[in-house]
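Peer 1: all I have is the shape, not the residue letters:
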C-alpha cells in the first residue's frame, strides 16, 4: 500500500471535537462577561441615583420621620427610589435611607445621618 500523507477520519473527528469544546468555552466566557458588565452598569446607576438623593436630602430642611412613596427620575427611566427617615436615639439626628430599584427589583440601599442645623 502506498501512504499519501493525509489525515485519517479519526484524526479529523478528534480535531473537530477539540475545536468545538474550545469554542463553547470561549462563547460561555464571553456571555458571562457580558452579563457581569450589564449588572455592573445597573449597580453603578443605582449607586449614583441613591448617592444623589442622599445628598439632596442632606441639603434640604431637617426632614420629618416616615417613609416616602416610590418616585422616578427622568434621567434614570428604569430606576425608582424612595426615601425613609427614622429617628435615632439622639433628638437632633435622623437616619435617612434611600432604596433604589431597577425594573422593580431591589438594586441598592444607601443610608446617611442628618444633623439638625
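Peer 2: Received the coordinates, thanks. All of these numbers come straight from a predicted model, not from anything done at the bench.

Peer 1: mind listing the helices in the chain by residue range?
Peer 2: Using DSSP state H, the helices of the chain run over residues 9-59.

Peer 1: can you pull out the low-pLDDT segments for it?
Peer 2: 1-4 (pLDDT under 70).

Peer 1: how about residue 71: what's its closest non-neighbour residue?
Peer 2: residue 81 (6.0 Å; Cβ to Cβ, 6 or more residues apart in numbering). In this view, the C-beta of every residue, glycine as well, is placed from N, C-alpha and C.

Peer 1: that neighbour is in contact with residue 70, isn't it?
Peer 2: Yes - counting by Cβ atoms under 8 Å, residue 81 touches residue 70, with 7.2 Å between them.

Peer 1: same drill for the two, tell me which one is more crowded.
Peer 2: Between residue 81 and residue 70, counted using other Cβ atoms under 10 Å, residue 81 has the larger neighbour count: 22 against 10.

Peer 1: so how far is residue 19 from the nearest residue to residue 72 once chain neighbours are set aside?
Peer 2: What sits nearest to residue 72 in space, not counting adjacent residues and going by Cβ to Cβ, 6+ apart, is residue 80, at 5.0 Å. Distance, residue 80 to residue 19, using Cβ to Cβ, to the nearest Å: 47 Å.

Peer 1: just to revisit the earlier point, residues touching the residue nearest to residue 71, list them.
Peer 2: 49, 50, 53, 70, 71, 72, 73, 98, 99, 100, 101 (Cβ atoms under 8 Å, 6 or more residues apart in numbering).

Peer 1: against residue 58, how distant is the residue nearest the centre of the chain?
Peer 2: The residue lying closest to the centre of the chain (Cα atoms, centre = their mean) is residue 43, at 2.7 Å. Separation of residue 43 from residue 58 (Cβ to Cβ) stands at 22 Å.
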